[in-house]
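1. Everything below, folded, please.
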Amino acid sequence: MKLPDSFKDFAAKHIGGKGPDKVFLAHYNQEMYHAQWKIVLDNKFIDTYEHGIIIECLDGLSCNYSKQRTEAMPPMHNSQV
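-> Model (predicted):
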């Protein structure tokens, strides 16, 4: 994600008139990246990753996807078992 010029103008105004340097922008980008992951990797996502999820397929059968199963083999539909 590229920062808009308006952010650089905002930062320059609060830094004392100078535009933000590469170190500042690198730090800001890193912080923004981590904040986005914190939102995505919420407790519900972590719980689903740890314990799996049951998904009802289009044909009405349920498939159980879990971390252990997907690490060991590709997902398999219940009708293939």
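2. What lies in contact with whichever helix or strand residue 30 is part of?
-> Using DSSP states H and E, residue 30 falls within helix 22-40. With contacts defined as CB atoms under 8 Å, 6 or more residues apart in numbering, helix 22-40 is touched by 1, 3, 11, 15, 20. In this view, the C-beta of every residue, glycine as well, is placed from N, C-alpha and C.
3. now the helices: where do they sit in this structure?
-> For the chain, applying DSSP state H gives helices covering 5-15, 22-40, 43-51, 67-72.
4. pull the CA atoms of the helix holding residue 30 into CSV?
-> Provided in CSV are the C-alpha atoms of helix 22-40 (Å, rounded to 0.1, in the frame of the first residue of the first chain):
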residue,chain,number,x,y,z
LYS,A,22,13.0,7.5,4.3
VAL,A,23,13.6,6.2,7.9
PHE,A,24,10.3,7.8,9.1
LEU,A,25,8.3,6.4,6.2
ALA,A,26,9.9,2.9,6.6
HIS,A,27,8.9,2.9,10.3
TYR,A,28,5.4,4.1,9.6
ASN,A,29,4.9,1.5,6.9
GLN,A,30,6.1,-1.2,9.3
GLU,A,31,3.7,0.0,12.0
MET,A,32,0.8,0.2,9.6
TYR,A,33,1.6,-3.4,8.3
HIS,A,34,1.6,-4.7,11.9
ALA,A,35,-1.6,-2.9,12.7
GLN,A,36,-3.3,-4.5,9.7
TRP,A,37,-2.2,-8.0,10.7
LYS,A,38,-3.4,-7.4,14.3
ILE,A,39,-6.9,-6.7,12.9
VAL,A,40,-6.9,-9.7,10.5
